[in-house]
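>>> Fold the following and give me the result.
(2 chains)
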Amino acid sequence: MNRIGITSLVALILAGSLILAGCGGVSEETSATSTPSDPSGPASFLAWDPPQTYEDNTPLDPYVDLDYYEFYIRADMNFSDNDMPVAQVAAVEDILSPDGQRYLQDLVTEFDLQNLLPFVPPGQSGYLSIRAVGVDGLKSDFSQPIRWNQVS
Amino acid sequence: MQRKAITMVFVFLMAIGATAAIAQAETLSWNAVTTYTDGTSIGSATVTYQGYWSTSSGTSGLNPLGSSGTSRSRTFNVDTEGMPRGQTIYFRSRATVAGTNSAYSSAFQWTVPAATPKVPSAPNNLQMN
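The predicted structure follows:
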């Protein structure tokens, strides 16, 4: 996997997008309601598996059909369409081939959590979720949320 | 026995309900050919048909739609046939009796539906490392 550094990040500094206490509507149609994971130790990267299908179960090629991912943070798990992403990263990146002669496409499957620190008050925890955005601009549902303790 | 010319009359397109969201099926249908151009009945002779589509309104560049057969319709998938999404295409059909082809029917104009954007599934297995 590739470590996505700050230099590859396209951060969306969206003022007011992160109000951890009660931000966004809870009852939107894309609310995430599943049980979050709770990591036990310090973590520095967020990882995920890219979608392989569309919602209608037709195959999706993440190299071709995905544009980018959006990152969301909330104080609770009630992610909705009213929430604004705090960052985004391209779904595919170019990496230098082993011989250094050309670039190869590689799926982006990790994100450095350091990039999200400005959006979580020190010492507080929150929930992370991501969405995949297709080349047509349509966004996936929210991924299963994961709890993030920023002090860990 | 003298061969007689055959006349194709109508060609029309009828969309049938999609059985799945994955692929919209369309059906091209046409009226039966029952007479020769002189008005005499074809009778019990077997009539086979071939459907065609083209991006041209003329008879050049015709792409066969399925195979020749006695059915008066052809069901097809736009993407499988390689029809250009969002553009106008033209359908024609032709009948054959005892090896004699009719003239092509008049063209039926149709706009190929634009592709419907699809929503990706959500990323899964979100975890911290």
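
>>> Pretty sure residue A:106 sits against residue A:93.
Yes. Contact criterion C-beta atoms under 8 Å: residue A:106 and residue A:93 qualify, at 5.7 Å. In this view, the C-beta of every residue, glycine as well, is placed from N, C-alpha and C.

>>> any idea of the mean pLDDT for stretch A:131-149?
Across stretch A:131-149, the average pLDDT comes to 95.

>>> Can you check the distance spanned by that stretch, start to finish?
Chord length of stretch A:131-149, first to last residue, is 20 Å (C-alpha to C-alpha, to the nearest Å).

>>> With stretch B:112-120 instead?
Using C-alpha to C-alpha, first and last residues of stretch B:112-120 are 24 Å apart.

>>> Equivalent analysis for stretch B:116-123, please.
21 Å.

>>> which other residues reach it?
By C-beta atoms under 8 Å, 6 or more residues apart in numbering or on different chains, the residues outside stretch B:116-123 that reach it are A:48-56, A:58, A:60, A:65-66, A:69, A:130-134, A:136-144.

>>> what comes up buried for it?
Using 16 or more other C-beta atoms under 10 Å in any protein chain shown as the test for burial, stretch B:116-123 gives B:118-123.

>>> List the contacts of the residue lying closest to residue A:90 once chain neighbours are set aside.
Of all residues not flanking residue A:90 in the chain, residue A:68 sits nearest, at 5.1 Å (C-beta to C-beta, 6 or more residues apart in numbering or on different chains). Each residue near residue A:68 by C-beta under 8 Å, 6+ apart is listed here: A:10, A:88-91, A:133.

>>> Neighbouring strands - and their directions - for whichever strand or helix holds residue B:52?
Assigned by DSSP states H and E, residue B:52 belongs to strand B:47-54. Strand B:47-54 pairs in its sheet with strand B:63-69 (antiparallel), strand B:88-97 (antiparallel), by DSSP bridges.

>>> State the distance from residue A:103 to residue A:111.
21 Å (C-beta to C-beta, to the nearest Å).

>>> Looking at these two, which has the bigger crowd around it?
Legend: neighbour count by other C-beta atoms under 10 Å in any protein chain shown for residue A:103 and residue A:111, higher for residue A:111 (23 against 11).

>>> That one should be in a strand, yeah?
Yes. The assignment for residue A:111, made by DSSP: H, G, I helix; E, B strand; the rest coil, places it in a strand.

>>> Just give the closest residue to it, not the sequence neighbours.
That would be residue A:46: by C-beta to C-beta, 6+ apart, it lies 4.7 Å from residue A:111.

>>> circling back to that earlier point, and the residue nearest to residue A:90, bridged to which residues?
Per DSSP bridges, residues listed as beta-bridge partners of residue A:68: residue A:90, residue A:133.

>>> quick one on the thing from earlier: put the buried members of the contacts of residue A:68 into a PyMOL selection.
Remark: buried members of these, expressed as a PyMOL selection using 16+ other C-beta under 10 Å:
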select buried, chain A and resi 88+89+91+133
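
>>> who in chain B is up against chain A?
Contact residues (C-beta under 8 Å from any C-beta of the partner chain) of chain B with chain A: B:21-22, B:117-129.
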